[in-house]
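S.K.: what shape does this take:
(2 chains)
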Amino acid sequence: MRAANLLILTLTLVLWGTSVQADGKERVTPVTDPATLKRCADCHMVYPAEFLPERSWRALLEKLENHFGDDASVPEAERRQILAYLTANAGDRSGSKQLKGLSAGVTPLRITELPRWVREHEKEVSAAVWALPSVKSRSNCPACHVNAHLGDFSERALRVPSS
Amino acid sequence: MAVSVTPTRFTDGEKVDLWFKRNCVGVTGRECTPLEKGDFLTYLLSQ
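M.R.: Predicted coordinates for the structure are as follows:
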């Protein structure tokens, strides 16, 4: 009886440990820099720095006057602070697996251009889901990743809307 | 947008300037003149 209890306890701990570990693979560090939080959140979800390489953040921050068709300019001092934060924490700095398969010669401007992002989404998410009013855009991570703001992109925190 | 709904809407001058620039450029392709900004604010202050 005692041995059986011990076995169950051990198994529980091992399985729990495994799930936490597996979950941990889809966790990224959410943005902490105040300027980045304030300015980026004016218009969209504040994407984690590791979702793009340093060269991409540089390219984006160099032309905020035309940010995917919108003027997203910010005061110069803050632009520099945001650039410093995002480049220091960029995916290629931390060796993030989010950039897996990305060629060194390519500078993606959209997270949705990353080979790994495409692999994770294109087959799993149907055209009907992408077209939902609550989703609308591929840039709308929180539409399904309900804890995206916490850096949690795990399956466990995934709620794909049906309508 | 109306001040009667959000009294603090236009109290942060830096924010007002920033959004005038963003939205004027976005909508008209250029920055707004002081007269245009004044017209806009006058209208929203009266709402």
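S.K.: enumerate the residues of chain A near chain B.
M.R.: A:65, A:70-75 (CB under 8 Å from any CB of the partner chain). C-beta here means a position set from N, CA and C on the backbone, and glycine is covered the same way.
S.K.: need the buried ones from the residues you listed selected in PyMOL.
M.R.: A single PyMOL command selects the buried members of the residues of chain A next to chain B (16 or more other CB atoms under 10 Å in any protein chain shown):
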select buried, chain A and resi 71+72+73+74
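S.K.: farthest pair within the residues of chain A next to chain B?
M.R.: Spanning the widest gap among these are A:Asp70 and A:Pro75, at 16.9 Å by CB to CB.
S.K.: quick one, what contacts the single nearest residue of chain A relative to chain B?
M.R.: Relative to chain B, the nearest point of chain A is A:Asp71 (4.1 Å; CB to the nearest CB). Listed by CB atoms under 8 Å, 6 or more residues apart in numbering or on different chains, the contact partners of A:Asp71 are A:64-65, B:21-23, B:25-26.
S.K.: pLDDT at it, what is it?
M.R.: Here the pLDDT value assigned to A:Asp71 is 93.
S.K.: where's the helix or strand bottoming out on mean pLDDT in chain B relative to the chain centroid, distance-wise?
M.R.: Across the helices and strands of chain B, mean pLDDT, DSSP states H and E gives its lowest value to helix B:13-28, namely a mean of 93. Distance of helix B:13-28 from its chain centroid, counting by CA atoms, centre = their mean, to the nearest Å, is 7 Å.
S.K.: equivalent analysis for stretch A:46-54, please.
M.R.: 7 Å.
S.K.: quick one: buried residues of it?
M.R.: Residues A:46-54 are the ones in stretch A:46-54 that count as buried (16+ other CB under 10 Å).
S.K.: what of stretch B:20-37?
M.R.: Neighbour-count burial for stretch B:20-37 [16+ other CB under 10 Å]: B:20, B:22, B:24-25, B:32.
S.K.: what's the answer for stretch A:135-144, then?
M.R.: By 16+ other CB under 10 Å, the buried positions in stretch A:135-144 come out as A:135, A:140-141, A:143-144.
S.K.: which two of those have the greatest separation?
M.R.: Pairwise over the buried residues of stretch A:135-144, using CB to CB, the maximum falls at A:Val135 and A:Cys141, 10.1 Å.
S.K.: pull up the overlap in contacts between these two.
M.R.: With CB under 8 Å, 6+ apart, A:Val135 and A:Cys141 have no common neighbours.
S.K.: secondary structure element for the closest residue to A:Glu65 other than its chain neighbours?
M.R.: Closest residue to A:Glu65 apart from its sequence neighbours, by CB to CB, 6 or more residues apart in numbering or on different chains: A:Ser73 at 5.1 Å. Counting by DSSP states H and E, there is no helix or strand that carries A:Ser73.
S.K.: residue contacts, A:Ser73?
M.R.: A:64-65, A:79, B:18, B:21-22.
S.K.: mind doing that once more with 7 Å?
M.R.: A:64-65, B:21-22 (CB atoms under 7 Å, 6 or more residues apart in numbering or on different chains).
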